[in-house]
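1. Fold the following and give me the result.
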Amino acid sequence: MRCLNSGLHCIIQNKDQLIEQLSLLTPEKIVSIFGTGYDEVSSMMGNEKMWRYDLCVNNEYEYNDEYDVVDLEALKNNQVQYIVFFTFTNDGHSLSRISLYYKDESGNIHEYTIFPDGTSEDSVIEHLI
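-> Have a look, this model is predicted:
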């Protein structure tokens, strides 16, 4: 596995450390910390502007989609450790939410969402079969 770009995500030791750092971000800090190696995608539900970062990816992994599709197979097969979507408000100057997708130790796929008011929600979206 390699981590794309230089920055915060290359020194992340675990999910909790990543979540703590994500909750502190503003749109300007996203680029300064994670770099410009994101894919700009649109929300399938509301056509919101989103940035997608794939963190700690296998060298062969490649993502190609114009929408906010989560590559569950890549998470399950350890091709990517974290997929993060930064969703912006209509004016594009502030975040409306941050969504982190990851596989836990048991193999379950989670969606961890951070909302603008600082609250968060962690839910299993796919159980290990």
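2. for the nearest residue to residue 58 once chain neighbours are set aside, what are its contacts?
-> Nearest residue to residue 58 in three dimensions, chain neighbours excluded: residue 79, at 4.4 Å (Cβ to Cβ, 6 or more residues apart in numbering). Just so you know, the C-beta spots here come from the backbone N, C-alpha and C atoms, and that holds for glycine as well. Residues in contact with residue 79 (Cβ atoms under 8 Å, 6 or more residues apart in numbering) are 57, 58, 60, 61, 71, 73.
3. same thing but 7 Å
-> Contacts for residue 79 (Cβ atoms under 7 Å, 6 or more residues apart in numbering) come out as 57, 58, 61.
4. Show me the contact partners of the host helix or strand of residue 123.
-> Assigned by DSSP states H and E, residue 123 belongs to strand 120-126. Under the contact criterion Cβ under 7 Å, 6+ apart, strand 120-126 has outside partners 72, 108, 109, 110, 111, 112, 113, 114.
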